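Undergrad: build me a structure from this.
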Amino acid sequence: MNKKIVLALMGWAFSLGMAHAEEVGSVDTVFKLFGPDHKIVVEAFDDPDVANVTCYLSRAKTGGIKGGLGLAEDTSDAAISCQQVGPITLSDKIKNGQQHGSVVFQKRTSLIFKRLQVVRFYDAKRNALVYLSYSDRVVEGSPKNALSAVPIIPWGEKRP
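TA: Predicted coordinates for the structure are as follows:
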């Protein structure tokens, strides 16, 4: 079987247990005469393993003819902000570090080889969840990244 097809199938199978994003909105950044405009898309997803944590992700989306057909490669530019939206209860797997560095979201940003990922870390010392977004490729990734932290406090209490 072709190596590209195997990698694509592995990525698809790996993404089955992860969160799926809902588009909140978008803004156009560059007008394209043919095909959709380049834009910044804002999406929301809930952490699949931690109830009541929602992350908002903004990312660049390439337009034009290639972008409209899904053949363009999006840039590695992205930002993330995660919020507590209700009471948080951590599973023992997360508390004990068994899910340290878990991929909670993944989005394809090119036809096959590039993807945007969000990884969750648990900082036990500070009792916080840390979400890191970054872009990677099979051969070469990008150092561009964004970070958001969610302090775990009893729901309804004021933050210090």
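
Undergrad: number of residues surrounding A72?
TA: The number of residues packed near A72 is 19, by other Cβ atoms under 10 Å. Heads up, the C-betas are built off the backbone N, CA and C, glycines and all.

Undergrad: quick one, what contacts the residue lying closest to V53 once chain neighbours are set aside?
TA: Excluding its sequence neighbours, the residue lying closest to V53 (Cβ to Cβ, 6 or more residues apart in numbering) is D47, at 4.3 Å. Contacts for D47 (Cβ atoms under 8 Å, 6 or more residues apart in numbering) come out as A19, V53, T54, C55, C82, V104, R120, L129.

Undergrad: G97 now?
TA: Here G97 is in contact with Y122, A124 (Cβ under 8 Å, 6+ apart).

Undergrad: confirm that it sits in a helix.
TA: No: if the criterion is DSSP: H, G, I helix; E, B strand; the rest coil, then G97 is coil and not within a helix.

Undergrad: pull the most distant pair out of the contacts of D47.
TA: Comparing all pairs in the contacts of D47 by Cβ to Cβ, the longest separation belongs to A19 and L129, at 13.7 Å.

Undergrad: tell me what the residue minimising distance to the centre of the chain is bridged to.
TA: Nearest to the mean C-alpha position of the chain, by Cα atoms, centre = their mean, lies V118 at 3.9 Å. According to DSSP bridges, the residues that bridge with V118 are F105, S133.
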